[in-house]
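Novice: I'll drop the sequence and a predicted model, then ask my questions.
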Amino acid sequence: MERKAKAFVKSLGSEVKKDIGVLLLLLQRGKILGAPQSKPFKQIHKNAYELRVKDNKGAYRVIYVLCVEGHRS
């Protein structure tokens, strides 16, 4: 599965990869994102969210779990 995910990300356009990278960097720096970039995805985990990125070829979702230091999930 990991190879498929890597291959898929590599196939994306440079703008989409840049947009995803910027959003992930903001999250790593502690920024809380809201709609339309991010929304809760509780079906997977109580701390799961999805990033939403669009380009002229389609819409993409990146699922992440938010782990905050000092809090247990």
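Specialist: The structure has been received and is ready for your questions.
Novice: Any buried residues in the helix or strand K54 falls within, and which?
Specialist: Applying DSSP states H and E as the criterion places K54 in strand 48-55. For strand 48-55, burial by neighbour count (16 or more other CB atoms under 10 Å) applies to Y49, L51, R52, V53. Glycine gets a C-beta too; all of them are placed from N, C-alpha and C.
Novice: ok, those vs A5, which is closest?
Specialist: Nearest to A5 among those, counting by CB to CB, is L51 at 14.3 Å.
Novice: quick one: contacts of the lowest-mean-pLDDT helix or strand in the chain?
Specialist: Ranked by mean pLDDT, DSSP states H and E, the weakest helix or strand in the chain is helix 2-11, scoring a mean of 84. Helix 2-11 is touched from outside by K17, I20, with contacts defined as CB atoms under 8 Å, 6 or more residues apart in numbering.
Novice: After it, heading C-terminal, what element do we hit next?
Specialist: Tracing the chain past helix 2-11, the next element assigned as helix or strand by DSSP H and E is helix 14-28.
Novice: quick check: angle from that following helix to strand 48-55?
Specialist: In terms of direction (axes from the mean of the first three to the mean of the last three CA atoms, to 10 degrees), helix 14-28 departs from strand 48-55 by 150 degrees.
Novice: Would you mind getting the angle between helix 14-28 and helix 2-11?
Specialist: Using the same axes, to 10 degrees: helix 14-28 against helix 2-11 is 120 degrees.
Novice: Return the set of buried residues in helix 14-28.
Specialist: V16, D19, I20, L23, L27.
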